[in-house]
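Chemist: Fold the following.
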Amino acid sequence: MDIKKLIFAILALGGCSNPPSTTLTEHKVDVKLDKIEEKAAIKIEPPSVSTVPIVTDIPDIFIARRELPSLSFYAGGGGDGGPKKQKVIESACFEYINNGGFETGDFSGFNISDQGSGSWFISTGDPTPLSGLNDSLPVISGNYDVVSDQYGPGTHLLTQPITVPPNITFAELNFKDRIRNRASEFSDPNQEYRVMLRDSLLNPLIELFSTKPGDALFQPGPNVRSFDLQSVMIGLEDEPIVISFEEEDNLFFFNVNVDDISLRICSSCGNGIRQASEECDDGNNINGDGCSQGCRLEDT
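Modeler: Next up, the predicted model:
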C-alpha cells in the first residue's frame with residue numbers, strides 16, 4: 001500500500017472514532033476596504049432593455065448617470081406636456097473583498113476556520129506545503145494564491161465578512177480556482193469543494209458552487225467562475241454575511257487553489273447622498289468610521 005494512503009487511512013479512522021477531540025480554530029484579521037470609484041457621465045436618454053433605474057418621484061433634474069456593464073440609470077420625461085422629470089439617484093460601486101488576490105502575501109481581510117487536519121495556506125506554487133504533492137503548477141496569478149492541504153481528514157473554511165448595503169442595483173462575485181482531488185471520487189459533502197454565503201454565525205444561507213459526484217477529479221484550469229448575485233443580495237440587504245470558500249476531505253488528499261476573488265456591488269449606499277433607507281452616507285463603504293458599510297450609524 002502507498003505510504004501516504006496508509007497514513008491518511010489511519011488518521012481517518014482515528015478522526016471517525018473520536019470526533020469530539022476535533023477542534024475549531026479561527027484567525028481573525030481586521031478588514032479594511034478600499035473604495036473603487038467609477039466616473040459618472042451626465043447624459044439623458046430613454047431607457048433601454050438593460051436599463052435599471054433608481055428613481056425618486058421628485059420634479060427635478062437628475063443628479064448623474066453612471067454606466068457599468070449591464071447597468072445604467074436614466075432620467076425620464078420632461079418637455080412640452082410630457083411626464084414630469086425624475087431625479088435619478090447615482091449608484092456607488094465598490095469592491096467588497098479585501099486582498100482578494102492575496103498579493104499581500106498573507107490572509108489580511110480573511111478568517112480561517114479548520115476542523116481536523118490541515119488548513120488553507122498562502123502559496124507560491126507547487127509543491128503543496130503539507131503533503132508535498134507536486135504537479136509542477138504555478139500560482140493562478142500574480143505572486144501568490146491560496147491552497148488547501150492536509151495530512152488527514154478535515155474541513156477548511158476561508159471566509160470574509162461583509163455587510164450587504166441597501167438599494168442594490170448590481171452584484172457580481174468572480175474568482176478563479178484549481179481543483180485537484182487525489183481520491184477516486186467526489187462525495188457530497190465528504191470530499192467536496194464549495195462556495196457558500198453564510199450568516200454571521202456561519203449558518204448556511206446559499207450554496208453558490210460545489211463539486212459533484214462524477215466531476216473530473218483534476219481541473220487544473222485556472223477555472224474562471226462568475227455569479228450574478230443581484231437578486232440574492234437584494235434579499236439580504238442590511239444583513240452581515242460571510243463569503244465562504246470551503247474544502248472538505250474525508251477520503252484522501254484534496255488540494256484546492258483559489259485566487260482573484262472579487263465581489264462588486266453597486267447601490268445608493270456610499271454615493272454620499274443619504275436616502276430614506278439610510279441612517280448615514282459618508283461616500284465610502286468602510287466600517288469603523290462612524291458610518292458602516294451598510295450605511296448605518298456606528299459607535300466610534
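
Chemist: Report the secondary structure element holding the residue nearest in space to the middle of the chain.
Modeler: Here the mean C-alpha position of the chain is nearest to the C-alpha of Ile243 (Cα atoms, centre = their mean), at a distance of 4.5 Å. Assigned by DSSP states H and E, Ile243 belongs to strand 240-249.

Chemist: Now do the following helix or strand past that strand: which elements does it pack against?
Modeler: Sequence-wise, the next helix or strand downstream of strand 240-249 (DSSP H and E) is strand 254-267. Strand 254-267 sits against strand 92-95, strand 145-149, strand 154-163, strand 168-181, strand 191-199, strand 240-249, with contacts defined as 3 or more Cβ pairs under 8 Å, 6 or more residues apart in numbering; DSSP states H and E. Just so you know, the C-beta spots here come from the backbone N, C-alpha and C atoms, and that holds for glycine as well.

Chemist: re earlier: could you give me the buried positions within the strand holding Ile243?
Modeler: Neighbour-count burial for strand 240-249, with 16 or more other Cβ atoms under 10 Å as criterion, is recorded at 241-249.

Chemist: next one: stretch 195-209
Modeler: Going by neighbour count (16+ other Cβ under 10 Å), the buried part of stretch 195-209 is 195-198, 205, 208.

Chemist: And stretch 263-283, by the same measure?
Modeler: Neighbour count says stretch 263-283 has 263-271, 275, 278, 281 buried, by 16+ other Cβ under 10 Å.

Chemist: of these, closest to Arg296?
Modeler: Glu278 (7.9 Å; Cβ to Cβ).

Chemist: for the closest one, what are its contacts?
Modeler: Contacts here follow Cβ atoms under 8 Å, 6 or more residues apart in numbering; on that basis Glu278 touches 166, 268-269, 295-296.

Chemist: picking that back up, which one of the buried residues of strand 240-249 is nearest Gln115?
Modeler: Gln115 lies nearest to Glu248 out of the buried residues of strand 240-249, by Cβ to Cβ, at 8.9 Å.

Chemist: where's the closest one relative to Asn271, distance?
Modeler: Between Glu248 and Asn271 the distance is 40 Å, computed by Cβ to Cβ, to the nearest Å.

Chemist: so the residue nearest to the centre of the chain sits right up against Val164, yeah?
Modeler: No - judged on Cβ atoms under 8 Å, Ile243 makes no contact with Val164 at a distance of 10.9 Å.

Chemist: Quick one: residues contacting the closest residue to Asp281 other than its chain neighbours.
Modeler: Leaving aside its chain neighbours, Asp281 sits nearest to Arg274 (4.4 Å; criterion: Cβ to Cβ, 6 or more residues apart in numbering). The neighbours of Arg274, taking Cβ under 8 Å, 6+ apart as the test, are 280-281, 295.
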